[in-house]
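> Here you go, sequence then predicted model.
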Amino acid sequence: MLESKLSKDGYKSYNHEAVISYLTELGFTKEEVIFVDKLREIRHGTKYYGKTVNEEYAQKVKEFLEKIYDRLKNLLQ
């Protein structure tokens with residue numbers, strides 16, 4: 001969704017950090033941006049290094065995404 005928003009706004013992302021930092025420009029709080037950046041790091045670890053995520057953290061991620069999903073979706077309209 002973020003990459004779509006960047007493209008819609010006329011930008012091209014060259015790395016994942018730039019995509020995450022764009023959240024600040026979209027009105028997300030510093031804490032939300034930090035959390036999303038941490039998600040990026042964890043995803044990288046699970047995808048490329050076989051790291052696992054415990055159920056408690058997965059639940060925290062789910063709750064966070066439920067909280068911000070509509071805001072992200074509305075950015076694309």
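That came in fine, so what should we check first?
> Which helix or which strand is home to Tyr22?
helix 16-25 (DSSP states H and E).
> Just checking, which helix or strand succeeds that helix along the chain?
Next element after helix 16-25 (DSSP H and E): helix 30-49.
> I'd like the average pLDDT over that next one.
Here helix 30-49 scores 94 as its mean pLDDT.
> And it, how far out from the chain middle?
Computed by C-alpha atoms, centre = their mean, to the nearest Å, the chain-centroid distance of helix 30-49 equals 8 Å.
> other SSEs contacting that helix?
helix 16-25, helix 55-75 (3 or more C-beta pairs under 8 Å, 6 or more residues apart in numbering; DSSP states H and E). All C-beta spots, glycine's among them, are computed from the backbone N, C-alpha and C.
> picking that back up, who does the helix holding Tyr22 touch, helix- and strand-wise?
Using 3+ C-beta pairs under 8 Å, 6+ apart, helix 16-25 is in contact with helix 2-8, helix 30-49.
> Only C-alpha atoms, please: export the longest one in CSV.
Pointing back at helix 30-49 there. What follows is helix 30-49, C-alpha atoms only, in CSV (Å, rounded to 0.1, in the frame of the first residue of the first chain):
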residue,chain,number,x,y,z
LYS,A,30,6.9,8.6,15.2
GLU,A,31,6.0,5.6,17.2
GLU,A,32,3.9,4.1,14.4
VAL,A,33,6.8,4.7,11.9
ILE,A,34,9.2,3.0,14.3
PHE,A,35,6.9,0.0,14.7
VAL,A,36,6.5,-0.4,10.9
ASP,A,37,10.3,-0.1,10.5
LYS,A,38,10.7,-2.9,13.1
LEU,A,39,8.2,-5.0,11.2
ARG,A,40,10.4,-4.5,8.1
GLU,A,41,13.4,-5.7,9.9
ILE,A,42,11.6,-8.7,11.4
ARG,A,43,10.1,-9.7,8.0
HIS,A,44,13.6,-9.5,6.5
GLY,A,45,14.8,-11.9,9.2
THR,A,46,12.0,-14.3,8.8
LYS,A,47,12.2,-14.3,5.0
TYR,A,48,16.0,-14.5,4.5
TYR,A,49,17.3,-16.0,7.7
